[in-house]
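Student: Compute the structure for the input listed below.
(chains A and B)
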Amino acid sequence: MAGKPKLYYFDGRGKMESVRWLLAAAGVEFEEELLETREQYEKLLQDGALMFQQVPMVEIDGMKLVQTRAILNYLAATHNLYGRDLKERALIDMYVEGTTDLMQLILMFPFLSAEDKEKQHALIVQKATNRYFPAYEKVLRDHGQDYLVGNQFSWADIHLFEAILMVEEKKCDVLSEFPQLQMFKARISNMPRIKKFLEPGSQRKPIPDDKYVETVRRVLQMYYNVKASV
Amino acid sequence: MSGKPKLTYFNGRGRMESIRWLLAAAGVEFEEDFLETREQYLKLIQDGHLLFDQVPLVEIDGMKMVQTKAILSYIAGKHNLYGKGLKERAFIDTYVEGTTDLMQMILTLPFSPPEAKKKNLPLIIEKAKNRYFPAYEKALKQHGQGFLVGNQLSWADVHLLEAILMVEEKEPTVLSEFPLLQGFKTRISNMPTIKKFLQPGSQRKPQPDDKYVATVMKILKEG
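Tutor: Down below sits the predicted model:
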């Protein structure tokens, strides 16, 4: 019964990218059904496959899981990437919520007007440099270990790594004041499964382009008028 | 040291209210420190208490926890409100994410300009009636049990009750097409710890008013 997980989403990053990262880091092969037409989406709705009419949706272990956070929690727990006890899980959850907030700012970026993109770009860099990266830098500096929680690789590390790469795509030297994070990034990049996911030909998706934005708008018939966060 | 959990937030619902609900449902007494001035907030930041410079902050079991979802997950896990295994947890997480999305819309309403409020409120009610409540009604119908997951009270039930009451405050007849949710609401409201929380004098906070909005904006200097 345990076949490969199957991911239902657009052919692009969006909210599904963190799921792809986690599966790749856990060494789990997965299939993808890419939404290209409104008809595909309407069929999923009609079949009752989407609990809240939304994607991401992941078919795994007999469930049709929706809600990114629920999917990620389940995958982390089933692959031993969620810490050893409640307190470690609490730390992982805190860190992941932070990187989620940061990546959320970037997620909506492609849907903004040119003017709002400028504002949002500044906001992303400012929040990354003043709020989020300092927090993770301090965590690593304070315990001096290689990973964020419990001296072992966890979901928090994968998520932070993904966030760092996404912000660097906006400002390539954003880690210049964060030596711990630079070392962290190098360390995580060199882990075999992560390295493989970073190579061309993997299921990692590229930076969203106009075609991606057009597809999402057409399939969902929404997100025509998204505003910058501030 | 391992005394009562201490909640630091504004004197109002906001993101802390779900935490108050869950602690109350679990029968856990808690203390509250209310943020009333910007100086208090800046001091918390200077003293390094806020990982991301944000509240809610909950001091619990020697940790200074921030991020609402992390705090709620910890409390649920500690107090046996997170199901019996990974699949039940997955269902609880899914349901809670849905009610979070719904309550998030209501949470931000007081902070939007009047024209936006007028426009957004009907949209929220429409989402409640067409997207969220049908999903929970269906879940209850499918298994015919009294609780959303695993035939026992969980975080998902507490969160759903909170969401139902919040939407009803905006639109009292919103459950008219959802008989199972009506039964659910009555049943969960009558559980002793929840009943107590619903009574006057509990730590449940009232609907946000202009004073609350002004306090938050003054302290955070945002928006």
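Student: Output the contacting helices and strands for the longest helix along chain B.
Tutor: In terms of residue count, the longest helix belonging to chain B (DSSP state H) is helix B:86-108. Helices and strands touching helix B:86-108, as assessed by 3 or more CB pairs under 8 Å, 6 or more residues apart in numbering or on different chains; DSSP states H and E, comprise strand A:63-66, helix A:68-78, helix B:68-78, helix B:114-127, helix B:133-143, helix B:155-170. C-beta: built from backbone N, CA, C; applies to glycine.
Student: can I get the ones you listed in TSV with distance to residue A:86, mean pLDDT and mean neighbour count?
Tutor: Listed next are these as TSV, based on distance: least, CB to CB, whole Å; pLDDT from 0 to 100; neighbours: other CB atoms under 10 Å in any protein chain shown:
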stretch	distance to residue A:86	mean pLDDT	mean neighbour count
strand A:63-66	22	98	20
helix A:68-78	12	98	23
helix B:68-78	5	98	23
helix B:114-127	33	94	13
helix B:133-143	26	98	16
helix B:155-170	14	98	22
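Student: any chance of those in JSON lines, plus distance to residue A:28?
Tutor: Output for these, formatted as JSON lines (distance: least, CB to CB, whole Å):
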{"stretch": "strand A:63-66", "distance to residue A:28": "14"}
{"stretch": "helix A:68-78", "distance to residue A:28": "8"}
{"stretch": "helix B:68-78", "distance to residue A:28": "23"}
{"stretch": "helix B:114-127", "distance to residue A:28": "33"}
{"stretch": "helix B:133-143", "distance to residue A:28": "28"}
{"stretch": "helix B:155-170", "distance to residue A:28": "27"}
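Student: If we ignore the residues flanking it in sequence, what's nearest residue 40?
Tutor: All of this refers to chain A. Of all residues not flanking residue A:40 in the chain, residue A:219 sits nearest, at 7.4 Å (CB to CB, 6 or more residues apart in numbering or on different chains).
Student: looking at chain B here, not the other one
Tutor: Closest to residue B:40 by CB to CB, 6+ apart is residue B:219, at 7.7 Å.
Student: quick revisit: let me see the mean pLDDT of the longest helix of chain B.
Tutor: In this model, helix B:86-108 has an average pLDDT of 97.
Student: Ok, stretch A:15-35 next?
Tutor: For stretch A:15-35, the per-residue pLDDT averages 98.
Student: One more: stretch A:134-144?
Tutor: 98.
Student: For it, buried residues please.
Tutor: A:134-137, A:139-140 (16 or more other CB atoms under 10 Å in any protein chain shown).
Student: before we move on, what about stretch A:91-106?
Tutor: Quick answer for stretch A:91-106 (16+ other CB under 10 Å): A:91-103, A:105-106.
Student: Within reach of chain B, which of the residues you listed are there?
Tutor: The subset of the buried residues of stretch A:91-106 within reach of chain B, by CB under 8 Å from any CB of the partner chain, is A:93-94, A:96-98, A:101.
Student: Kindly confirm whether my reading is correct that the residue nearest to residue A:40 touches residue A:34.
Tutor: No. The pair residue A:219 / residue A:34 is not scored as a contact, 10.4 Å apart, by CB atoms under 8 Å.
Student: Mutual contacts of the two, please.
Tutor: Shared contacts of residue A:219 and residue A:34 (CB atoms under 8 Å, 6 or more residues apart in numbering or on different chains): residue A:10.
Student: Next one: the residue of chain B most remote from its centre, what pLDDT does it get?
Tutor: Going by CA atoms, centre = their mean, the residue of chain B most distant from its centre is residue B:46, 28.0 Å out. pLDDT recorded at residue B:46 is 96.
Student: What is the burial count for residue 89?
Tutor: All of this refers to chain A. By other CB atoms under 10 Å in any protein chain shown, the residues close to residue A:89 number 23.
Student: nope, chain B
Tutor: For residue B:89, using other CB under 10 Å, the count is 23.
Student: Give the buried residues for the helix or strand hosting the residue nearest to residue B:40.
Tutor: Residue B:219 belongs to helix B:210-220 when assigned by DSSP states H and E. For helix B:210-220, a neighbour-count test (16+ other CB under 10 Å) marks B:212, B:215-216, B:219 as buried.
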